[in-house]
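**Student:** structure, please.
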Amino acid sequence: MPIASAYVAADEKANAEGVAATLNLYNGRRASLRLHVIVVGCGLGGLAAAHCLANAGHKITLVESAAVIGEVGAGIQVTPNVMRLLNRWGLGEAVEKVAVKPEAICLKRYATGETVGWTKWGDNMNEYGAPYYHIHRADFHKLLFDLAAPNMTLRLNSTVVGVDPDAPSVTLASGEVIKGDLIIGADGIKSIVQQVVLGHVNPAQPTGDAAYRAIIPTSVLEADPDLKPLVDNPEMTGWMAPRRHLMAYCIRSKKEYNMVLMHPDDGSVESWTAAGSADKMRADFADFEPRVQKLLSHVQSTLKWRLMDRLPLETWVHKSGRVALLGDSCHPMLPYRAQGAAMAIEDAAVLGNLFSRLSHPSQIKPLLYAYEKLRLPRTAETQKSSRLNQWIFHLPDGPEQEARDRSMREAMELELKMLKGEEVDVRSEGSLNQWADRRKNQMQFGYDADAEAEKFWVQEGESTIGSLAGSHSSRVNSHL
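**Tutor:** Prediction:
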C-alpha cells in the first residue's frame with residue numbers, strides 16, 4: 001500500500017494480511033444477486049463498507065482521489081461498539097498488538113490539574129461486550145485496508161467529478177465513466193455524492209472550534225517524574241477550560257502519547273493534513289497546569305483543522321434507489337464523544353448485513369431505505385451527545401462550571417466507593433461526565449450493528465423486502 005509523504009506509516013505490527021480469507025460473516029449468508037458496488041472514498045468508512053459488502057457477496061470497486069493513501073499522525077478511539085465488529089471481522093488480535101487499553105477516563109481542571117471526574121474503564125468495558133482501545137489512525141487504516149484489499153479493486157488518483165444516479169455511474173476527472181449497480185458515497189464532509197443525493201449543495205457549518213493534534217514519544221514522559229504516571233497507568237486524561245480542552249492518551253503499545261487540543265477557531269482550514277504552529281498552540285494553552293506545559297514543550301509539529309458540523313439530513317438515499325451515503329458524508333461527528341469513525345463503521349456493518357440478503361433488483365431500493373431507517377436516528381443521537389460534550393467541556397469559569405464539576409465529582413465518588421466494595425448505585429444517570437452514565441454507555445457502547453440488522457429482518461424486512469423476490473418471480477412466471 002503506497003503511503004503519501006504527508007501521512008504517517010503504519011507500525012510494522014499493524015498487519016492483518018490473510019485475515020479476510022478466514023472469515024465467514026453473516027452466518028455464511030451471501031447475496032444470490034451479485035451487484036457491482038462502487039464505493040467512493042478510501043477512508044476508514046469506505047474501507048469498512050468495501051469489506052462488508054464484499055463479504056455479503058458483491059463485487060467492489062473503490063475509487064479514491066488521492067494518488068496514494070494513508071492516514072495522518074493522530075490517535076483514534078476504538079470504542080466497544082466498534083471493537084465487537086472488529087473482533088467479528090478477525091481483527092481483535094491485530095488491534096491488541098498495536099493499541100493501548102485505557103484504564104479510566106480522568107477529567108481535570110485546566111489550571112490546577114485537580115481531578116473532578118473519573119470513571120473506571122479497563123476490563124470494566126467488557127460489560128458492553130468488547131474492550132475499549134486507543135490506536136494510531138495509520139495503524140487502524142492499515143488493518144482495515146488489509147481486510148478489504150483482497151476483495152476489491154482499488155482505483156487511486158480517481159477523482160469523482162460527476163455521479164449519474166440513474167445509470168448508476170461515476171465520472172472521473174480523467175473523463176472515464178465507471179458503471180455499477182450501486183454507489184456508496186463515503187467521500188467525507190465535502191462529499192460530491194451527497195450533493196447528488198440531496199439535489200443541492202449542503203455545506204457543513206463551522207462550529208467555532210478548531211483542533212490541534214500532536215504526538216510525542218512516551219520516552220520523554222517516562223524521563224520526567226511528573227509525566228511518567230501518564231504512561232505507567234494509561235488513562236484518557238482531559239483538561240477542561242473556558243472555550244478549550246485537551247484530551248490525551250497513549251497509543252502504539254504505549255510508545256507514543258497522543259494529544260488533541262480544542263480551541264476557538266481563528267482561521268483554520270477544513271483539512272486533516274494542514275500544519276499548525278506549535279508555538280501558537282503553546283500560547284493558546286499557556287494558562288494550563290505545569291504538566292501540560294511540559295507536555296507541550298516537547299511538541300515539534302502539529303496538525304490543525306477546523307471542526308465542522310451538520311444537522312441530520314432529510315435522507316441518505318437518492319430517489320433512484322441506487323445511490324446512498326455513509327459516514328461523514330451524511331453525519332459528520334464532532335470529536336467530543338469519539339464516535340466519528342465508529343458511526344461510519346457501524347453504517348458499513350448494517351449495509352453489508354442487509355445486502356447479504358439481496359436476491360432480486362427490486363429489493364435494492366427498500367434495502368437502502370432500511371439502512372437509512374436503522375442508522376439515521378442512531379447517528380443523530382450520537383451527534384447530539386457529541387455537541388453536549390462540547391458545551392460541557394468548554395464552560396466558562398463560574399456557576400455552571402462549578403455545577404458541572406459537582407456533578408462529575410458525585411459520580412466519581414460513587415465509582416470509588418464501588419471499587420472499595422461498598423454497595424452503591426453507580427448508574428449516575430444524567431451525570432455531566434457522560435462516560436459515568438451507565439445508561440448512555442449501554443446505548444452507545446452496547447450497540448451491535450449486526451444484531452440490529454438481523455432484528456430488523458426478522459421483525460419487518462423478511463415480510464416487506466424478502467417477499468419482493470417471490471412476488472416478482474410469480475409475475476414473471478405468469479407471463480411465460
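**Student:** for D265, see how far away the residue nearest to H394 when sequence neighbours are not counted is.
**Tutor:** The shortest distance from H394 to any residue other than its chain neighbours is 5.1 Å, reached at R243 (Cβ to Cβ, 6 or more residues apart in numbering). Where C-beta positions appear, they are placed from N, C-alpha and C, glycine not excepted. For R243, the distance to D265 equals 10 Å [Cβ to Cβ, to the nearest Å].
**Student:** these two: which is more packed in?
**Tutor:** Neighbour tally, R243 and D265, criterion other Cβ atoms under 10 Å: the higher count belongs to D265, 17 against 14.
**Student:** hmm, M308 and that one touching each other?
**Tutor:** No: between D265 and M308 there is no contact under Cβ atoms under 8 Å: 10.0 Å.
**Student:** immediately after the helix or strand where V95 lies, which helix or strand?
**Tutor:** Using DSSP states H and E, V95 falls within helix 92-98. Next in sequence after helix 92-98, counting helices and strands by DSSP H and E, comes strand 104-109.
**Student:** elements contacting the helix or strand that that following strand is followed by?
**Tutor:** Counting by DSSP H and E, the element after strand 104-109 in chain order, helix or strand, is strand 115-120. Under the contact criterion of 3 or more Cβ pairs under 8 Å, 6 or more residues apart in numbering; DSSP states H and E, strand 115-120 touches strand 104-109, helix 399-419.
**Student:** how about the residue nearest to the spatial centre of the chain, what does it touch?
**Tutor:** Centroid-nearest residue in the chain: A341, 1.1 Å away (criterion: Cα atoms, centre = their mean). A341 makes contacts with 44-45, 76, 82, 140, as judged by Cβ atoms under 8 Å, 6 or more residues apart in numbering.
**Student:** repeat the analysis, applying 7 Å as the threshold.
**Tutor:** 44, 76 (Cβ atoms under 7 Å, 6 or more residues apart in numbering).
**Student:** likewise the one 3 residues further on?
**Tutor:** With contact taken as Cβ under 7 Å, 6+ apart, A344 is in contact with 44-45, 48, 326-328.
**Student:** what is the nearest of those residues to A99?
**Tutor:** A99 lies nearest to L44 out of the contacts of A344, by Cβ to Cβ, at 14.7 Å.
**Student:** and the closest residue in space to that closest one that isn't next to it in sequence, how close does it get to R137?
**Tutor:** For L44, ignoring the flanking residues on the chain, the nearest one in space by Cβ to Cβ, 6+ apart is A341 at 4.7 Å. Between A341 and R137 the distance is 8 Å, computed by Cβ to Cβ.
**Student:** in the stretch 51-200 of the chain, which spans are helices?
**Tutor:** Secondary structure of the stretch 51-200 of the chain (DSSP state H, counting those that start in this stretch): helices at 80-88, 92-98, 137-148, 192-198.
**Student:** equivalent analysis for the stretch 251-400 of the chain, please.
**Tutor:** Taking DSSP H, counting those that start in this stretch, the helices of the stretch 251-400 of the chain run over residues 278-284, 290-297, 340-355, 364-393, 399-419.
**Student:** can I get the ones you listed in JSON lines with mean pLDDT and distance to C106?
**Tutor:** Output for those, formatted as JSON lines (pLDDT from 0 to 100; distance: least, Cβ to Cβ, whole Å):
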{"stretch": "helix 278-284", "mean pLDDT": "95", "distance to C106": "22"}
{"stretch": "helix 290-297", "mean pLDDT": "98", "distance to C106": "12"}
{"stretch": "helix 340-355", "mean pLDDT": "98", "distance to C106": "21"}
{"stretch": "helix 364-393", "mean pLDDT": "97", "distance to C106": "14"}
{"stretch": "helix 399-419", "mean pLDDT": "97", "distance to C106": "9"}
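**Student:** single out the most deeply packed of the ones you listed.
**Tutor:** Among the helices of the stretch 251-400 of the chain, the stretch with the highest mean neighbour count (mean count of other Cβ atoms under 10 Å) is helix 340-355, at a mean of 27.
**Student:** what is the neighbour count of H36?
**Tutor:** Counted with other Cβ under 10 Å, residues neighbouring H36 total 15.
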